[in-house]
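Visitor: below is the structure, and that's it, no one-letter string:
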């Protein structure tokens, strides 16, 4: 594979690379002294980071604070490798659409892409849109010695691996669902942090005081966005909405019970109008001190602890997803970075992907509270963790979630339809519809879509 | 037919025939039309034919394309969600046309009067029309927030209970129409104001001399004479309202549930979220027929309101 990639390198580039290799160590040291971020480990001194010098690649990223880190550190990558990177940062929803449309055209305009596993894994796996990276990972000429693939968390590796064993992305970010709780409100009411769903309902009830502008609970009510709340609750019964062999289990006792908790919490203790709330409305509600508990993804510590945006700075507790009667898990989502299957520059693109998912970039992401890097070594590095300014409670919740994380959404191709149809059912529940009847109806609507998808894959 | 032919004036120049020098000259003119023709075929005709062709297929991105004939259309007919979206689109369109046209007409009559700083106020009035729809949508989303939005605060100042605005199924469509009305009333005002300014003064003077009151003058003279301009506004607003997507998507994404899911939002979901290209193509074709039918009906009405 390395030879195949090398063939695309011009003679001039090889000469330049050879010259650069001779000075690799000093150059690397200079970079390290300039900044500790975004540069490779000292163990890479013999690795030729400049083997594709002079090449240009295009990356397609989804707008996020993690993409901001990649853009911020990009000059260091370019200096290290001599590769020029054209970066295209597009809002998440549009980025996903752009990728699918361009892959369908057969000629994507980008070499590297950020892939949302929980939405695109199935579709991209079926279409084989991304390059299988296994050969590259095994190639010592292309993979730096410091790049420890086994360092990624088990949940991340499971996400990055397709059903047929192909690894078509490198883990970039993991998003666990956690419970944010307003410690000040809890202390004032003498309520303890709720460990289970039952306790969450009890705590929400105890803290719910709408006359004084405090609501017991807030979570997503907007269709589509709300489905992870329900599927994460389902994990408390050890259940999931779609089995590994593609059977829908959305009308089971566990599914209905989880939907019942969703209905109880959002219909009784959430702010009026919650059926139109996405994460941003929830964040606003919680950060203004008007909600006692918020259940959502882990990536909100930075805005909640920012005094310019939040009234609850220093008052936020970060707890695990509540347990159900049978199990405790953390609903898990994530993103990977991969190379398009049709890329004419897989070598430079692989170096970029390797750098973007390396320890240094991920440390920077954690430092900024921009996400939850899926590398175990980062959380084992106490010296580094001591320098991180984000709350230790958040880091602890992150580490603990990593041990119990399970994908919250089914890894099926029509996952967006799944979210849409069951999202409507959940929204209807907030306005009083019967959970069992709504789930039955949604299941009837989604069953043929799933069957068609399974038949076509 | 023959009498018509007999009374038709002879052509100024004889029709060129093949072999004539003028035929060669005229056919060379056709070459100048060719680039435009190529562009029209490439940009309008071909995509349309391809969309119709795709509507006869079941094709999801990443999967095989299968010919299904009219199945997509049959599915649409039986799709309760699509039918609800069509109904919602009509309700939204009627409200989003009637309110701006009514208010815009009143505003035009006001701005047609002489008063100090009239130009300044006219300028301020048309500002919403200039703003970017998505920016407007984001601002209104914040204003509509049930707990933190300014609108409920304003209601509380006058002793009214808070509303859930776009966050409740019952109030979402009127709330979205309010945004549309706020943004597009100025356009109607400009069109009607132009009409008022172009009215001849003689009929108005005659009416005054004959002793007609203000209301009668407006009802029996000004309104009929401005009707062609109003119809232009109605046609433009109808097409715009039927096509409305940006503000609805940015504010509610069709929610809560499907309470504000219009045909365009439904179409967007099918095409760009579910990637059901065949099904989405059928929606496009049906929607095109609806838009053309509405536009034709309004254009016919407009023709009848023209001054004779």
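Guide: In hand now; what should we look at? What you see is a predicted model; the values in this text were computed from it and never measured.
Visitor: leaving out chain neighbours, which residue sits closest to the residue in chain A positioned nearest to chain B?
Guide: Chain B sits closest to residue A:273 of chain A, with a gap of 2.9 Å, by Cβ to the nearest Cβ. In this view, the C-beta of every residue, glycine as well, is placed from N, C-alpha and C. In space, and not counting its chain neighbours, residue A:273 is closest to residue B:167: 2.9 Å by Cβ to Cβ, 6 or more residues apart in numbering or on different chains.
Visitor: per-residue pLDDT, residue B:307?
Guide: What the model reports as pLDDT for residue B:307 is 64.
Visitor: now do residue B:26
Guide: pLDDT recorded at residue B:26 is 70.
Visitor: so which bits of chain A are right by chain B?
Guide: Neighbours of chain B within chain A, by Cβ under 8 Å from any Cβ of the partner chain: A:97, A:100-101, A:103-104, A:123, A:126-127, A:129, A:213, A:221-224, A:271-277, A:281, A:284-285, A:288, A:290, A:413-414, A:416-417, A:420, A:424, A:427-428, A:430-431, A:453, A:456-457.
Visitor: out of these, which are buried?
Guide: Buried by 16 or more other Cβ atoms under 10 Å in any protein chain shown: A:97, A:100, A:103-104, A:123, A:126-127, A:129, A:221-224, A:271, A:273-277, A:281, A:284-285, A:290, A:413-414, A:416-417, A:420, A:424, A:427-428, A:430-431, A:453, out of the residues of chain A next to chain B.
Visitor: which of those fall in helices?
Guide: Those of these mapping onto helices are A:97, A:100, A:103-104, A:123, A:126-127, A:281, A:284-285, A:416-417, A:420, A:424, A:427-428, A:430, A:453, per DSSP state H.
Visitor: and the most centrally placed residue in chain A, what element?
Guide: Central residue of chain A (Cα atoms, centre = their mean): residue A:334, 2.7 Å from the mean position. For residue A:334, the host element (DSSP states H and E) is strand A:330-339.
Visitor: which segments of chain B make up each domain?
Guide: Domain ranges of chain B: B:17-46, B:71-304, per automatic domain parsing.
Visitor: now do stretch B:145-161: everything it contacts.
Guide: Outside stretch B:145-161, the residues that touch it by Cβ atoms under 8 Å, 6 or more residues apart in numbering or on different chains are A:213, A:271-273, A:281, A:284-285, A:288, A:290, B:142-144, B:162-165, B:167.
Visitor: partner strands of the strand holding residue A:334 and their direction?
Guide: Strand pairing for strand A:330-339, determined by DSSP bridges: strand A:112-116 (antiparallel), strand A:170-182 (antiparallel), strand A:405-407 (parallel).
Visitor: can I get those strands in CSV with distance to residue A:349 and mean neighbour count?
Guide: Below are those laid out as CSV (distance: least, Cβ to Cβ, whole Å; neighbours: other Cβ atoms under 10 Å in any protein chain shown):
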stretch, distance to residue A:349, mean neighbour count
strand A:112-116, 5, 27
strand A:170-182, 11, 26
strand A:405-407, 26, 22
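Visitor: and of those, who's closest to residue B:29?
Guide: For residue B:29, the closest of those is strand A:112-116, at 49.9 Å, according to Cβ to Cβ.
Visitor: if I pick residue A:388, what's in contact with it?
Guide: Going by Cβ under 8 Å, 6+ apart, residue A:388 touches A:366, A:367, A:395.
Visitor: contact partners for the one residue in the stretch 51-200 of chain B that gets nearest to chain A?
Guide: Residue of the stretch 51-200 of chain B nearest chain A, by Cβ to the nearest Cβ: residue B:167 (2.9 Å). Residue B:167 makes contact with A:272, A:273, A:274, A:275, A:276, A:277, B:144, B:145, B:146, B:256, according to Cβ under 8 Å, 6+ apart.
Visitor: cool, and residue A:156?
Guide: Counted by Cβ under 8 Å, 6+ apart, residue A:156 has contacts A:171, A:174, A:334, A:374.
Visitor: and the contacts of residue B:167 as CSV, adding distance to residue A:313?
Guide: As requested, those are exported to CSV (distance: Cβ to Cβ, whole Å):
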residue, distance to residue A:313
A:272, 26
A:273, 26
A:274, 24
A:275, 29
A:276, 27
A:277, 22
B:144, 27
B:145, 21
B:146, 24
B:256, 31
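Visitor: which residues of the stretch 51-200 of chain B lie near chain A?
Guide: Residues of the stretch 51-200 of chain B lying close to chain A by Cβ under 8 Å from any Cβ are B:60-64, B:145-148, B:162, B:164-169, B:172.
Visitor: circling back: got a ChimeraX select line for the buried ones in the contacts of residue A:388?
Guide: Buried members of these, defined by 16+ other Cβ under 10 Å, are picked up in ChimeraX with:
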select /A:366,395
